[in-house]
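**Q** Okay, predicted coordinates and the sequence, questions at the end:
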Amino acid sequence: AKEIHLLHYPDGVPTTEDFAARDSVLPNPLDGEVLIENIWMSVDPYMRGRMTKRKSYIPPFELNAPLEGHAIGRVIQSRDPRFAEGSLVTSMTGWRSHALLERDYLHPIPDMPDIPPEKFLGVLGMPGMTAWVGLNRIANCKAGDTVFVSAAAGAVGSVVCQLAKAKGCRVIGSTGDRDKAKWLRTELNVDAVINYRDTDDLSGSLGEVAPQGIDVYYENVGGAHLEAALDHINTGGRIAVCGMISHYNDKSPQPGPRNLFRLTTQRAKMEGFIVSDHWGSYPDFVREGADLVRSGQLKSRETVIEGLENAPEAFIDLFKGKNTGKMLVKLAD
Ligand code: NDP
C-alpha cells in the first residue's frame, strides 16, 4: 500500500518537494472493521489552509502522516455485515491507496447506479453542496437576480452558475482561461463571461456586462474580484463568501478591499460559511441535484490525473487553474 505525506508546511505556493510517497503495510481488518481500496480521491483548495500551522475551523494536517480528504473506495475485506465486499463507500481517507476503517467513518455512496461514482466527489458531492448552500442559504438567491460568480468554471463555481440559471437568474462568470470561458458560455449557458487575465480593469469589465448592477456575488477568489463586486453591488445585495483562493498562498496578509464601505451605502450583506455546518441537508441536495443532472440542467466535467503519486501535482495545479470543473485523482479501476 502507498500513502502521501506532508513533509513540511509550504512557504507560499506549495511544491512537490513538500510531499512524499511512502509505503505502508496492508492491515488485516478485525471485527467491526472494513478494508477499502481507494479508487478516486479529491484535491481541494481548502486543503491549503490545513497546510499552515495556525488555528482555523479544522486543525492543520500532521506532518509525516498521510494527508486526508474526500475519497471513494471499494470494500475489499469486510468484518462488518453492513458493508458488503465490492460495494463503494466515501470516506475522508484520501491521499492513500488503502484504508482500514470502522463504520462511523464510512458512508455508502448514494444508491443511484445511473450516476458515475466520481460525481459524488464533485457535482453531487462536497463542492456541489457548497454551491447549493452558498447560493440558497447564504445569498438567498431568487429568480430575476443578477449573479456574479468567480472561479466560475471550477468545481463549486460551475454548479453555482447552473443552479442560478435553473432558478431564472442572469449569470455572469469569471475565469482566467479562454477554453473555460467558452465552456461556460456555450455549454453551461452563462449569460456573460469575463476573462480576468484579459482585462486590467476588472471592475470596468463587470460594469460593462452588468449595467444594472449585481444582486448576488458568489465569492471564490478575493482580491480584485471582491472590489469589483462591491463596486457594482445593488441595494440589498448579498455576497456569499465561500472562499478566497487568490490569498491562500500569501506569505503575509494582503490589504483588504478599499471599497468595503459600499456595504453600508448599498445596505448590502456579506456572509461567510463552511459547508460542513450544513451537512445534515446533504440528502436534500443530492436528490435535487441528481434530478437536475438527469434532466441535463446540471452539467459537469472532471479533470482527471492518474496515479496516487501525482496527487501533489494535481493539488498544486488548482492554484494554476489547470482544472476545468472538479480536479480528481484516479487511483484504481
Ligand atoms: P476550483 O475547482 O474552482 O479550482 C480552483 C480554481 O480557482 C482554478 O481552477 C482557477 O480557475 C481559480 N484560481 C486559482 N488561483 C487563482 C487566483 N490566484 N486568482 C483567481 N482565480 C484563481 O476549486 P473549488 O471549486 O473546489 O473551490 C472554489 C472555492 O470554493 C475556493 O475558494 C474554495 O476554498 C472554496 N470552498 C469553500 C468551501 C466552504 O465550505 N466555504 C467548500 C469548498 C470550497 P481559473 O482558471 O478560472 O483562474
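**A** All right, it came through fine.

**Q** any idea how far the closest residue to residue 30 other than its chain neighbours lies from residue 38?
**A** In this structure, residue 30 finds its nearest non-sequential neighbour in residue 79, 6.4 Å apart by C-beta to C-beta, 6 or more residues apart in numbering. Quick note: C-beta positions are derived from backbone N, CA and C, even for glycine. For residue 79, the distance to residue 38 (C-beta to C-beta, to the nearest Å) stands at 19 Å.

**Q** residues touching residue 159, list them.
**A** 123, 127-128, 131-132, 289, 298, 300 (C-beta atoms under 8 Å, 6 or more residues apart in numbering).

**Q** Helix, strand or coil: sort out the residue nearest the centre of the chain for me.
**A** Closest to where the C-alpha atoms of the chain average out (C-alpha atoms, centre = their mean) is residue 127, at 4.0 Å. Residue 127 falls in the helix class when you classify it by DSSP: H, G, I helix; E, B strand; the rest coil.

**Q** Quick check: phi and psi at the residue of the stretch 201-333 of the chain found nearest the ligand.
**A** Proximity of the stretch 201-333 of the chain to the ligand (C-beta to the nearest ligand atom) peaks at residue 243, 2.0 Å away. Main-chain torsions, residue 243, degrees, to the nearest 10: phi -170, psi 170.

**Q** And residue 167, by the same measure?
**A** Torsion angles, degrees, to the nearest 10, at residue 167: phi -80, psi -10.

**Q** ok, and the closest non-adjacent residue to it?
**A** Closest to residue 167 by C-beta to C-beta, 6+ apart is residue 143, at 5.4 Å.

**Q** nearest residue to residue 38 other than its sequence neighbours?
**A** Nearest one to residue 38, counting by C-beta to C-beta, 6+ apart, is residue 73 at 4.3 Å.

**Q** Go ahead and list the helix or strand containing that neighbour.
**A** strand 71-78 (DSSP states H and E).

**Q** Packing partners of that strand?
**A** strand 33-42, strand 88-91, strand 98-102 (3 or more C-beta pairs under 8 Å, 6 or more residues apart in numbering; DSSP states H and E).

**Q** Quick check: mean pLDDT of the last one?
**A** Just to be clear, that refers to strand 98-102. Taken as a whole, strand 98-102 has a mean pLDDT of 96.

**Q** quick one, that strand and strand 71-78 angle?
**A** 70 degrees (axes from the mean of the first three to the mean of the last three C-alpha atoms, to 10 degrees).

**Q** starting at the chain centroid, how far to strand 98-102?
**A** 24 Å (C-alpha atoms, centre = their mean, to the nearest Å).

**Q** start at 3 instead
**A** Done: numbering now begins at 3, and the last item shifts to strand 100-104.

**Q** which parts of it are buried?
**A** Using 16 or more other C-beta atoms under 10 Å as the test for burial, strand 100-104 gives 100-103.

**Q** quick one: which helix or strand includes residue 184?
**A** Assigned by DSSP H and E, residue 184 falls in helix 180-188.

**Q** Distance from the chain centre to that helix, please.
**A** 19 Å.

**Q** so what does it touch, helix or strand wise?
**A** Using 3+ C-beta pairs under 8 Å, 6+ apart: helix 180-188 touches strand 172-177, strand 194-197.

**Q** For the longest one, enumerate the helices and strands it packs against.
**A** Counting by 3+ C-beta pairs under 8 Å, 6+ apart, the packing neighbours recorded for strand 172-177 are strand 148-151, helix 157-169, helix 180-188, strand 194-197, helix 204-211.

**Q** so does it get close to the ligand?
**A** Yes: using C-beta under 6 Å from any ligand atom, we find that strand 172-177 touches the ligand at residue 177.

**Q** What mean pLDDT does that strand get?
**A** On average, strand 172-177 scores 99.

**Q** Check the last one too.
**A** Regarding strand 194-197, the rounded mean pLDDT is 98.

**Q** ok, is it in contact with the ligand or not?
**A** No: Strand 194-197 does not reach the ligand (C-beta under 6 Å from any ligand atom); its nearest approach is 8.5 Å.

**Q** which helices and strands sit right next to that strand?
**A** By 3+ C-beta pairs under 8 Å, 6+ apart, strand 194-197 packs against strand 172-177, helix 180-188, helix 204-211.

**Q** Which one of the ones you listed lies nearest to residue 51?
**A** strand 172-177 (22.3 Å; C-beta to C-beta).

**Q** ok so, going back, tell me which of the helices and strands packed on strand 172-177 sits most buried.
**A** strand 148-151 (a mean of 29; mean count of other C-beta atoms under 10 Å).
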